[in-house]
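Student: My questions concern the predicted model and sequence given below.
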Amino acid sequence: MEYLDLSEAKEIYKQGKNVTQYLRNKYNESENTSEIIEIAYDLQAGSYIESVSSNPQKAEVYANELSNFLKKHLKSGDSLLDVGTGEITTFSLILNNIDIKLSNVLAFDISWSRLFKGKQFYQNNNKTNVSIDAFVADIKDIPLHGKCIDVVTSNHALEPNGKNLPILLKELFRITKRKLVLFEPSYELNSREGKERMDRLGYIKNIETEVRKLGGKVTDIIPISNTGNPLNPTVCYVIEPAPVQSMALELPKYCVPGTDFKMENNGSFLISKDTGLVFPILDGIPILRANSAILATSMF
């Protein structure tokens with residue numbers, strides 16, 4: 001990310017205006033870029049926790065419904081990844097309702113600030129002995145080895161990435177062994193007013209069509225009853241990724257973003273000896289975005 005003066009964007013957010021729309025106008029972008037999404041969500045860090053705290057019953061009801069769908073597709077010993085986890089609020093509540101023993105639980109978001117807040121929320125609200133490996137990443141370049149996650153889930157994480165949906169699905173297919181259980185808005189099942197809103201905000205559409213183009217299969221589309229915003233209805237998309245020839249890994253493994261170059265953790269950095277790249281770890285959270293890489297061959 002280039003150095004930016006975010007004072008104006010902060011003021012826009014404080015006024016309750018749409019930050020992503022402001023940033024698209026400011027940087028002359030017709031769609032939401034990764035940088036715009038990162039800035040917008042980073043400015044909101046803590047707001048989702050405040051929302052859950054102000055109405056915990058509503059958050060619990062929503063998470064309970066999602067967990068009931070998700071656990072139908074989980075098996076004992078599975079690895080589970082939540083993409084675009086935000087402040088880990090909904091995912092924390094979902095995990096509290098899953099009694100299946102998982103081998104690994106991972107979660108990532110594009111914003112470090114949201115994960116920092118989210119780890120605190122999880123510590124305070126976790127009712128299980130499950131630990132979450134949280135890391136910063138971009139869905140377009142996931143820092144995990146191909147076919148190393150059994151089940152991938154999301155909660156309105158793909159939502160703002162309208163023009164990049166095929167890229168995101170292709171990357172999710174790359175890392176997923178068995179199923180994607182995505183809780184995302186449905187353009188096709190939305191009202192006219194809702195569709196106009198989704199178009200204006202650059203939200204995703206045509207998930208089923210894009211999955212089919214990539215060789216995958218949507219096996220179920222189930223509307224969620226407890227949707228918070230009627231103009232943004234949540235749907236459970238159960239997806240089987242396109243089959244590939246690459247060998248699956250038994251357990252998740254960090255790699256250079258978007259590749260199968262494995263990395264090792266030395267406590268301060270994640271190191272790729274194959275590429276000479278290192279990625280920093282800030283307050284226990286690895287920052288695994290391509291633009292955060294440091295070329296440091298002298299370390300090896």
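Tutor: Nice, I can see it. Numbering: from 1, shown residues only.
Student: The residue lying closest to Thr234 once chain neighbours are set aside: neighbour count?
Tutor: Leaving out its chain neighbours, the residue that sits closest to Thr234 by Cβ to Cβ, 6 or more residues apart in numbering is Ile224, at 4.1 Å. Bear in mind the C-beta positions are built from the backbone N, C-alpha and C, glycine included. Residues within reach of Ile224, counting by other Cβ atoms under 10 Å, total 16.
Student: Confirm for me that Ile224 is in contact with Phe183.
Tutor: Yes: counting by Cβ atoms under 8 Å, Ile224 touches Phe183, with 6.7 Å between them.
Student: returning to what we had before: and the residue nearest to Thr234, how close does it get to Ser298?
Tutor: The gap separating Ile224 from Ser298 is 51 Å, by Cβ to Cβ, to the nearest Å.
Student: ok, now Asn96?
Tutor: To Ser298, Asn96 is 46 Å away according to Cβ to Cβ.
Student: Settle it for me: which of these two has more neighbours?
Tutor: Using other Cβ under 10 Å as the criterion, Asn96 and Ser298 rank with Asn96 on top: 17 against 6.
Student: got the contact list for Ser131?
Tutor: Val105 (Cβ atoms under 8 Å, 6 or more residues apart in numbering).
Student: Quick one: the helices in the stretch 101-250 of the chain, in order.
Tutor: 112-125, 165-175, 192-201, 207-213 (DSSP state H, counting those that start in this stretch).
Student: Kindly tell me how buried Thr176 is, as a neighbour count.
Tutor: 25.
Student: do the one 5 residues further on as well
Tutor: Burial measure for Val181: 21 neighbouring residues, criterion other Cβ under 10 Å.
Student: With Glu264 instead?
Tutor: Close neighbours of Glu264, defined as other Cβ under 10 Å, add up to 11.
Student: Please apply the same query to Tyr13.
Tutor: That count, for Tyr13 with other Cβ under 10 Å as the rule, works out to 18.
Student: Would you agree it falls within a helix?
Tutor: Yes: judged by DSSP: H, G, I helix; E, B strand; the rest coil, Tyr13 forms part of a helix.
Student: pretty sure it contacts Leu43?
Tutor: Yes: assessed by Cβ under 8 Å, Tyr13 is found in contact with Leu43 at 4.8 Å.
Student: Mutual contacts of those two, please.
Tutor: Counting by Cβ under 8 Å, 6+ apart, the residues touching both Tyr13 and Leu43 are Val19.
Student: Point out the other helices and strands that the longest strand along the chain packs with.
Tutor: Using DSSP state E to assign secondary structure, the strand with the most residues in the chain is strand 176-185. Using 3 or more Cβ pairs under 8 Å, 6 or more residues apart in numbering; DSSP states H and E, the elements in contact with strand 176-185 are helix 56-70, strand 149-155, strand 234-240.
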